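Undergrad: Based on what follows, work out the 3D shape:
(one chain, ligands or ions: 1)
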Amino acid sequence: MITRPIFRISRLYRGFATHAGSPAPIPAVLHLKTGQSFTGRSFGAHRSIYGETVFSTSITSYTESMTDPSYRGQILVFTTPLIGNYGVPHNIAPRDSRDVGVVLESSGIQCAAVVVADVAEKFSHYTAIESLHAWCSRYNVPGVTGVDTRAITRLLRDQGTTLGRLAVGTDTTLPPPSEGEYWDPSKENLVDQISTKEPYVLNPAGDVKIAVLDFGAKANILRALVRRGAAVTVLPWDYDFNAIRNGFDGLFLSNGPGDPQQCWAAAHKLRTTMEEWHKPIFGICLGHQIIGMAAGLDAYRMTFGNRGHNQPVLALASSGSIQAGRVYVTSQNHQYALRLQDPFPEGWEPFFINCNDSSVEGIKSTPDSGRHVWGVQFHPESAGGPLDTIGVTHLFYFSLIWFLSNMCV
Ligand SMILES: NC(=O)CC[C@H](N)C(=O)O
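TA: Next comes the predicted model:
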């Protein structure tokens, strides 16, 4: 019978029907501001929270997604039916001057809550030290399982990303919050909460000196630069890079949470940088949006954003190993995008475009502009996701080398 294997898997991994010391399942209800409610069972921390409800179509890397600072303030719905089956690894990396200090994307869980159809109680992986439930409990992050994530995703896709409340335990007996009670993370400067407060340097002996404006950088981006031999100076998001720019060979603007409009302070400073300093500049996701805003493009809120590891993007221009006309499969996690406009601001051209929704996936300065600036909406460094576009990271890095050998005499 076709349902039999599914039944077996479900029996084997059935999530938290009960918790240790708890005689009955603890109820949890996901309320959406648009009026719908979904009832399931609590796992992780038994506490209620507010957030912005988003869905991700990634089928693996729940540990990387949940530690990605760009998910801050978000109730993350996984469309894949079961997560937790490979547990959670020890997240502390052996610290040396080349290491960012963590194995995952940051030191803690960044999303506000997790929603999954079926959470695995048993886990198996050679790096795993604890279950998803234990990890979420340790970081005080609530989860709900046993809900129809297909129904939630269809709703979010049709009505758009929606504010939500995960009510847990006795809070489930309360009526749903009134409209005004929902907390909207896009109204806050989440970047300021997560960015480093003090500059620090990774791999100081590196041969190419890159400054990183930290809007909530994923650790793998820093690792990708250090792995190529760069000395990486990580700066607070609103740091006055122009005051120290002569000491660097390139500038990188990281990913980060929230609405890019909260980051105009950085975009204004970047405008000056791009006018006066013609060394390579590269941005990923929020960093790309800030480069676009500084270039004169408009950043807008998408209906449900793009979150997943299989977003196809079409290259419109060739650069490095990237070939115009080719489609690359990419990892993404964003709610905002740069608006495609015709004409593009002078000195700029679209680099990539999304094959599903035609949103701008990359921009670059034109060859005759005298600048060397790129931004991509997707995550070429992966973690998790495909490595199709790793060439974009190479492009930035090798343009630095090229720049040093050809232009700086
Ligand atoms: N991954 C990111 O950097 C996300 C950028 C921005 N916060 C958005 O949601 O669009």
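Undergrad: give me the residue from the stretch 51-200 of the chain nearest the ligand.
TA: For the stretch 51-200 of the chain, the residue closest to the ligand is residue 70, as judged by CB to the nearest ligand atom, at 3.3 Å. All C-beta atoms are positioned from the backbone trio N, CA, C, and that covers glycine.
Undergrad: isn't that residue right next to residue 216, touching?
TA: Yes: here residue 70 lies in contact with residue 216, judged by CB atoms under 8 Å, at a distance of 6.1 Å.
Undergrad: got any residues that touch both of those two?
TA: Residues within reach of residue 70 and of residue 216 at once, by CB atoms under 8 Å, 6 or more residues apart in numbering, are 255-257, 286.
Undergrad: could you pull out the strands for the stretch 251-400 of the chain?
TA: Here the stretch 251-400 of the chain has its strands, by DSSP state E, counting those that start in this stretch, at 281-284, 299-315, 327-338, 348-354, 360-365, 373-376.
Undergrad: Can you say which of those is nearest to the ligand?
TA: The closest of these to the ligand is strand 327-338. By CB to the nearest ligand atom, the value is 3.3 Å.
Undergrad: how far is the closest one from where the chain is centred?
TA: Distance of strand 327-338 from the chain centroid (CA atoms, centre = their mean, to the nearest Å) equals 10 Å.
Undergrad: With stretch 277-295 instead?
TA: Offset of stretch 277-295 from its chain centre (CA atoms, centre = their mean): 17 Å.
Undergrad: Stretch 168-185 now?
TA: Using CA atoms, centre = their mean, the offset of stretch 168-185 from its chain centre is 26 Å.
Undergrad: what's the first-to-last distance across it?
TA: For stretch 168-185, the first-to-last residue distance is 20 Å (CA to CA, to the nearest Å).
Undergrad: Give me the contacts around it.
TA: 26-29, 31, 33, 35, 37, 39, 42, 46-48, 50-52, 72-74, 142, 144, 163-165, 167, 257-258.
Undergrad: Just confirm yes or no for it near the ligand.
TA: No: residues of stretch 168-185 contacting the ligand under CB under 6 Å from any ligand atom: none, with a closest distance of 9.6 Å.
Undergrad: if you average pLDDT over that stretch, what comes out?
TA: Taken as a whole, stretch 168-185 has a mean pLDDT of 97.
Undergrad: Just the buried positions in it, please.
TA: For stretch 168-185, the neighbour count (16 or more other CB atoms under 10 Å) marks 168, 172, 176-177, 182-183, 185 as buried.
Undergrad: could I get those residues as a markdown table with secondary structure?
TA: Below are those laid out as a markdown table (DSSP: H, G, I helix; E, B strand; the rest coil):
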| residue | secondary structure |
| --- | --- |
| 168 | strand |
| 172 | helix |
| 176 | coil |
| 177 | coil |
| 182 | coil |
| 183 | coil |
| 185 | helix |
